[in-house]
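# Sharing a model prediction with you, sequence too.
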Amino acid sequence: MAAPLAAPLAAPLASPEIMLPVPVVTIYPGDTIKESMLRMQAYPSTFKARAAVIDAPLAIAGRQARRMLLPGEPVPVNAVDDPRLVSRNTPTQMVFEENGLVITTVGSPLQNGGLGETIRVRNTDTNRIVLGTVMADGRIKIGAQ
């Protein structure tokens, strides 16, 4: 009599994959990242990155690379930054507005700044250092915030 057939082995369950955005081209420091520079790549659920990585393409697009990003590699959280609107030591217009009074002058930022950041700025006329908030147009708003 023939031996009974062994029960077929259950197919191993495919482990769910993690989809991460990765560059399709080399992105250099200072480059603004566009959606066309990214694609989604699957990684096994057991994938462990060396550092925290960004998992959504919308969290990268429109931001600036802080260091070189290589094709096919997940993007570390600390490798991208908001675009700079104000650069250190680049003359920038400072604006003071209060009760309908508007005063503008030129200042020299002492640090880089993105939208909404509070930075230190040296007034080039008086050499006083003041705090100001970077506005969307690249000017710095000082005074009553």
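Arrived safely, thanks for sending.
# Can you give me the distance of residue 43 to residue 69?
The gap separating residue 43 from residue 69 is 16 Å, by CB to CB, to the nearest Å. All C-beta atoms are positioned from the backbone trio N, CA, C, and that covers glycine.
# More neighbours: these two, which one.
Between residue 43 and residue 69, counted using other CB atoms under 10 Å, residue 69 has the larger neighbour count: 24 against 15.
# my read: the more buried one touches residue 23, true?
Yes - the criterion here is CB atoms under 8 Å, and residue 69 meets it with residue 23 at 4.9 Å.
# list residues touching both of these two?
By CB atoms under 8 Å, 6 or more residues apart in numbering, residue 69 and residue 23 have these common neighbours: 33, 75.
# Run me through the strand neighbours of the lengthiest strand in the chain, direction for each.
Longest strand of the chain, by residue count under DSSP state E: strand 101-109. Sheet pairing for strand 101-109, assigned by DSSP bridges, gives strand 92-98 (antiparallel), strand 118-123 (antiparallel).
# So which of the ones you listed is nearest residue 19?
The closest of the strands paired with strand 101-109 to residue 19 is strand 118-123. By CB to CB, the value is 36.5 Å.
# In the chain, where is pLDDT below threshold?
For the chain, the stretches flagged by pLDDT under 70 are 1-15, 144-145.
# which residues of it fall in helices?
Using DSSP state H, no helices are assigned anywhere in the chain.
# Centroid-nearest residue for it?
In the chain, the centroid-proximal residue (CA atoms, centre = their mean) is residue 81; its distance is 3.1 Å.
# For that residue, which residues are in contact?
If a contact means CB under 8 Å, 6+ apart, then residue 81 has 63, 64, 66, 114 as its contacts.
# so the last one touches residue 63, yeah?
So the one you mean is residue 114. No - using CB under 8 Å, residue 114 makes no contact with residue 63, being 9.6 Å away.
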